[in-house]
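Peer 1: Model the structure of this input:
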Amino acid sequence: MTYTTQELIDILDQELKAAWRGERVLLSTDDRLANPVVSKAIGADKLSKVFALKDFRDQIHQYQREHNVSGLVWHPCTFKGQTIRLPEIHPNLTAIPADKATLAAAKTSIIEFWRTSSEGLRLWAAGHDPIEIDAATVESYIQETEWADISATRSELYLGLCWGNPKECYCGWAYPESGCHRIIAATAEPSAIKV
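Peer 2: Coordinates of the predicted model:
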């Protein structure tokens with residue numbers, strides 16, 4: 001019997017709780033962190049917990065790849081009374097090749113939801129200082145990217161237009177192989193929420 005995505009999430013959650021209760025111990029943490037000052041500041045106990053969980057999560061990721069278990073979870077996004085269900089990679093799981101195909105397949109419905117929901121709103125490129133952009137720029141990003149994600153607050157809609165590795169696309173260090181254009185739709189200047 002192969003574990004499901006939800007079962008792997010539950011197992012990881014149980015392991016996280018066990019690690020923080022001190023029930024998982026790694027005795028070889030000193031050689032894991034190359035900086036002895038940081039290692040001493042954090043302490044062997046905390047390092048042991050972190051590396052025990054990391055090692056277990058790596059085993060789960062290997063299991064996913066070997067048994068082709070998806071790392072995707074589905075969640076709703078609601079804005080202006082409209083709701084869409086979309087996939088995303090669970091933060092504690094990894095993406096298998098089929099997951100990227102599923103993300104790409106959902107792009108069309110996510111973009112349709114974005115276009116309908118952002119109508120009449122001002123568009124901004126997310127960043128330290130958001131810059132107002134036009135719909136044509138957003139459309140060019142849409143054509144260039146592999147998949148999309150979307151999230152919302154009560155008054156703002158956030159579109160992510162992503163490419164590359166789904167686990168790395170939000171990390172600045174992965175650019176340009178992986179990345180994500182973040183667009184904000186708002187009635188005025190966007191709030192200070194980090195996206």
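Peer 1: Count the residues that sit near Glu139.
Peer 2: Number of residues near Glu139 (other CB atoms under 10 Å) recorded here: 12. All C-beta atoms are positioned from the backbone trio N, CA, C, and that covers glycine.
Peer 1: any idea how far it is from Thr108?
Peer 2: In this view, Glu139 and Thr108 are 14 Å apart by CB to CB, to the nearest Å.
Peer 1: Then Tyr3?
Peer 2: 31 Å.
Peer 1: ok, now Gln62?
Peer 2: Taking CB to CB, one finds Gln62 at 33 Å from Thr108.
Peer 1: Tyr3 and Thr108: who's more crowded?
Peer 2: Tyr3 (15 against 10).
Peer 1: what residues are up against the more buried one?
Peer 2: Contacts for Tyr3 (CB atoms under 8 Å, 6 or more residues apart in numbering) come out as 11, 63, 67, 69.
Peer 1: wait, doesn't Thr153 sit right on Ala186?
Peer 2: No. Contact criterion CB atoms under 8 Å: Thr153 and Ala186 do not qualify, at 9.2 Å.
Peer 1: Of these two, which one has the most company?
Peer 2: Ala186 (19 against 14).
Peer 1: what bridges to the more buried one?
Peer 2: Counting by DSSP bridges, Ala186 is bridged to Arg122.
Peer 1: Touching, it and Tyr158? I think so.
Peer 2: No. Between Ala186 and Tyr158 there is no contact, the gap being 9.5 Å when judged by CB under 8 Å.
Peer 1: what do the two both touch?
Peer 2: Contacts common to Ala186 and Tyr158, judged by CB under 8 Å, 6+ apart, are absent.
Peer 1: For the chain, which segments are assigned as helices?
Peer 2: In the chain, the segments counted as helices under DSSP state H are 5-20, 36-42, 44-67, 97-117, 135-144.
Peer 1: Using JSON lines, please lay out the ones you listed together with distance to Lys80 and mean pLDDT.
Peer 2: Output for the helices of the chain, formatted as JSON lines (distance: least, CB to CB, whole Å; pLDDT from 0 to 100):
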{"stretch": "helix 5-20", "distance to Lys80": "30", "mean pLDDT": "88"}
{"stretch": "helix 36-42", "distance to Lys80": "45", "mean pLDDT": "58"}
{"stretch": "helix 44-67", "distance to Lys80": "36", "mean pLDDT": "81"}
{"stretch": "helix 97-117", "distance to Lys80": "6", "mean pLDDT": "97"}
{"stretch": "helix 135-144", "distance to Lys80": "18", "mean pLDDT": "96"}
